[in-house]
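J.: Sequence and predicted structure, then a few things I'm wondering about:
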Amino acid sequence: MVSHLSLTSCVPSGRPPRYVGVDDWSRQVVSVIDGLLAIWDDERSSSGVRLALDVDDDVRLAQRSRDGRLWAVLTGDNVLVVHDADAVVARHAVDGSRHRCLGLHWVDTDLADLAVVTTAAVCFFAVDAGHSALKLVRAQTRPAVAGAFLASHRLLMSIDPRNRFHLWSIGRQGPPKKVCRFEFGVVADVPPHQLAGQVHLVDLYAAPTLLLVDQAAGKLHVCAIEGSTMRQTNTFDLFATSAATFTVYVIDNVVAVLSSEHPRVPMLFDTRSATAPVVAPLPMQADLSPGRALPPDHVSLPDGSVRRLQLNLAAIADSRGMSDAGCLMAFLQRRRHSEADLLRLLSAVVQQERLTAALSRCLSLLSTCALLNGADDDPVPLPSGTRVAQADVAAALRQVLSVVSPRHLEAVCVEYVHCLLTHHVAPTAELVMLTVDTMLKGRRLGRLQQFVQFHIFPDSPVLAHRLCLLGASLHPPLLQLGLDMLSRLGWHDDVVGAILSKLSGDPDQGLLTAFRYVSTGSGSDLHKHGTSLRRLLSLATSADVPPAVLFDVHNYIVDHMRDALEVVSDEESQRLLLAAFARRFGGNYALSSHSH
C-alpha cells in the first residue's frame, strides 16, 4: 500500500543505542552505541567524530558545537563533559540532586558557549580549554517544567510551573534578551508533566513557529513568533477522541500528526494552504507508536534503528487528483526535490486540452521558480522554492506535442512565455524553439512574425538561423527579421552567408548585396567584417563572376584599399588577391592599385 509518508534509515538496526537524540545545529541524529558517540546522516553512514566514552557512563544528553569541533555530553550522574577530537577538554558537575536537567544547547555567543536548562535556572557556561574547566558566566533563576531551543533563530523557550511561556533571544553578542512572555488558555489547566509533549518550537518556512496541541478539544494551534509578539495563524482539527495523545513531526514544512488511536494514519497540514489536511489520510505500513519521536522528523524504533520521515509527493499528487491543479502545483512548488512531480503534473494538466485558470496558475508558479542561465552560465537570482529549469519544462511540453493539438500547445507555450516576462525572466532558446515549432505546425507564420518583430523572443543565433531558413522557403518577411537579429548579435559572417545562400541562383546580385552590407559601416567597421570581406574577395576573383561585377568590387577595393588590406592582413592572402585581379585586369593591376 502506498502511503503519503515514507521512512528512510538513518541509524541501522542492531544493538539498541544507549542514547539517541537530534543535534540542534545540524539536525542530524546523535547516538551512543557501545561507548561510541557518533552523528549520522541519511545515507546510513556515520559522519563527524566518533568519541570513545566509558561504557559504564549513562548518557542523558549530547550535542555537537556549531563548528563541529566540540561535543558536550551530560552523563547520568549529572557530570557535564566537553570533548574535542582527541580528549576531554573540560568537566563540570551539575547540581542534580534537587533540580532536573531539561536541555543542553550550544549557544555560540561572545559571552558563553553552552546553555544548560534545569528546572530551577538557565545557566550559561564558557569553555576554558586552557584550564580544562567550564566557567559559569551567567545564571538566570527561572523555574521551568519544559524547554526548547531553536538554533536556526537562536530562540530559547521555557515553560514555568504556571504554564506560562518565556521566550529569550540569544544573540551572538551581549547577554540573552527576553523577547516576550505569553499564556494560552487552552493549556492553562494541563498538568505540567503533560505540557512538554504538547508544545513544539519549530521552524516553518524559515520563520519561528509554535505548535500547540489541545488534546482535550482535538485542535492543533499554529502561532507565528513575530519579534516580541505571538500571532495565531492556523487552527487545524485533529480527528481523534479526547483521550488520544498526539505526536507531532515537521517534514519539509508540512506538519504531520499521529494519534495514539490511529498510529498508522498520519494527518498532514500545510500552514500556507488551508484549514483542512493537505490530503485524505492513507495508512502507513510501519507502526511508529512503539517508537520515540525525535523532532522534527525522526523516530527511534525499538529495534535500535532510527528512521527519518519523508513526504511521498507522488502519492500526495495522485491522491489530490486534478480537481484543483493550481493549489496542488503551489503545494509541490513549496517542497524540496519536487521537480519531477511538478513536470508530471504539468503534463497531465496540458493533456486535458483546456486553457483554464488552473493551467494559467500552474504556468505562473513555474515561471517564479524557473532557472535561467545567462551567457556566463551564472543563475539569475530568483524567488526561493523549488527551481525548475525552463529546458526541463520545454522538454516536458515537447513530449506531449504528439498527443495534444498544436494550437493548444501553442497557447500553453505563449502563456508560459507571458508569465516569464511578467516575472522579468527571459525565455530560453529551448522554450522559444518549442513555441516556434508549435506555430509552424499550426501554420501561424504571421503570428511568429509578430512575436519576433516586437522582440517578445530574445535574440539568439539559433532563432535567427531558423528565421532565415523559414524566410527563404515559407515566409519571406522572416528572412529580413533573421538577418536583422544576426546583425544585432554581431554575427556578420552569418549575415553574409545567409545573403549569398538566398541569392545562390543569382550570384552577381548576391555578391553585390553582400558587399553593400559590408560597406555600410565606417572604415573601422571593416575589422568586424574581416572574415566576410576575405570570403567576398575570394568569390570576386573566381572565374564565374562577370567582369562588370568584378569591376564594381575592384572599385570598392581601390577606394578602401588601406582598410581592406588591414582586414586581409596576412601577406599570402594579399598576394593571391592582387595576383587574381592582375590576371583579370592586366599585369599592371598591383601597381595601379597601390597608386590609388
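T.: Right, received. Where do you want to start?

J.: ok now do Arg466, which residues does it touch?
T.: Met433, Val436, Gly482 (Cβ atoms under 8 Å, 6 or more residues apart in numbering). (Each C-beta comes from the backbone N, C-alpha and C, glycine too.)

J.: Show the subsequent helix or strand relative to whatever helix or strand it lives in.
T.: Using DSSP states H and E, Arg466 sits in helix 461-473. Using DSSP H and E, the helix or strand that directly follows helix 461-473 along the chain is helix 477-489.

J.: Next, the buried residues of stretch 344-357.
T.: Neighbour counts over stretch 344-357 (16 or more other Cβ atoms under 10 Å) mark Arg344, Leu345, Leu346, Val349, Val350, Glu353 as buried.

J.: Which segments of the protein make up each domain?
T.: What automatic domain parsing lists as the domains of the chain is 17-144, 321-441.

J.: Distance to Ala216 and mean pLDDT for these - can I get that in TSV?
T.: Listed next are those as TSV, based on distance: least, Cβ to Cβ, whole Å; pLDDT from 0 to 100:
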stretch	distance to Ala216	mean pLDDT
domain 17-144	23	82
domain 321-441	30	82
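
J.: related to what we said a few turns ago, mind listing what's buried in the helix holding Arg466?
T.: Neighbour-count burial for helix 461-473 [16+ other Cβ under 10 Å]: Leu463, Ala464, His465, Arg466, Leu467, Cys468, Leu470, Gly471, Ala472.

J.: Any idea which of the residues you listed the model trusts least?
T.: Among the buried residues of helix 461-473, Ala472 has the lowest pLDDT, at 83.

J.: pretty sure that residue contacts Ile499?
T.: No. With contact defined as Cβ atoms under 8 Å, Ala472 does not count as touching Ile499 (10.6 Å).

J.: partners of Tyr19 in the sheet?
T.: Val32 (DSSP bridges).

J.: got a list of what it touches?
T.: Val30, Ser31, Val32, Val59, Arg60, Leu61, Ala62.

J.: So which of those are in strands?
T.: Val30, Ser31, Val32, Val59, Arg60, Leu61, Ala62 (DSSP state E).

J.: Now, of those residues, which are buried?
T.: Using 16+ other Cβ under 10 Å, the buried ones in the ones in strands among the contacts of Tyr19 are Val30, Ser31, Val32, Val59, Arg60, Leu61, Ala62.

J.: Confirm that Arg443 sits in a helix.
T.: No. Using DSSP: H, G, I helix; E, B strand; the rest coil, the assignment for Arg443 is coil, not a helix.

J.: so how far is Ala389 from it?
T.: Arg443 is 30 Å from Ala389, where distance means Cβ to Cβ, to the nearest Å.

J.: So which of those two has more stuff around it?
T.: For Arg443 versus Ala389, neighbours defined as other Cβ atoms under 10 Å are more numerous around Ala389 (17 against 10).

J.: which residues does the more buried one bridge with?
T.: Beta-bridge pairing for Ala389 (DSSP bridges): Leu371.

J.: How about His221?
T.: In this entry, His221 is beta-bridged to Leu212, Thr235, by DSSP bridges.

J.: what's it in contact with, if anything?
T.: Phe184, Val186, Leu211, Leu212, Val213, Asp214, Gln232, Asn234, Thr235.

J.: repeat that for 7 Å
T.: The contact partners of His221, taken as Cβ atoms under 7 Å, 6 or more residues apart in numbering, are Leu212, Asp214, Gln232, Thr235.

J.: I'd say the second one and Phe184 touch.
T.: So that's Asp214. No. Asp214 lies out of contact with Phe184 (Cβ atoms under 7 Å); the separation is 8.6 Å.

J.: With Thr141 as the reference, measure out to Arg264.
T.: 45 Å.

J.: quick one, which of those two is more surrounded?
T.: Using other Cβ under 10 Å as the criterion, Arg264 and Thr141 rank with Arg264 on top: 17 against 8.

J.: what's the pLDDT at the more buried one?
T.: 88.

J.: quick one, strands of the stretch 1-150 of the chain?
T.: 5-11, 19-22, 29-33, 36-40, 46-52, 59-64, 71-75, 79-83, 88-93, 101-106, 114-118, 121-128, 133-141, 146-150 (DSSP state E, counting those that start in this stretch).

J.: Tell me which of those lies nearest to Asp252.
T.: strand 5-11 (10.8 Å; Cβ to Cβ).

J.: thinking again about what came up before, could you single out the nearest of the contacts of Tyr19 to Gly147?
T.: Of these, the one sitting nearest to Gly147 (Cβ to Cβ) turns out to be Leu61, at 11.9 Å.

J.: Is it correct that that closest one is in contact with Leu104?
T.: Yes. Assessed by Cβ under 7 Å, Leu61 is found in contact with Leu104 at 4.2 Å.

J.: any common contacting residues for those two?
T.: Shared contacts of Leu61 and Leu104 (Cβ under 7 Å, 6+ apart): Leu74.

J.: Let me know the angle separating the helix holding Arg466 from helix 477-489.
T.: 150 degrees (axes from the mean of the first three to the mean of the last three Cα atoms, to 10 degrees).

J.: could the contacts of His221 go into TSV alongside distance to Arg162, pLDDT and neighbour count?
T.: Formatted as TSV, the contacts of His221 follow (distance: Cβ to Cβ, whole Å; pLDDT from 0 to 100; neighbours: other Cβ atoms under 10 Å):
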residue	distance to Arg162	pLDDT	neighbour count
Leu212	16	92	20
Asp214	18	89	19
Gln232	21	90	12
Thr235	24	91	14
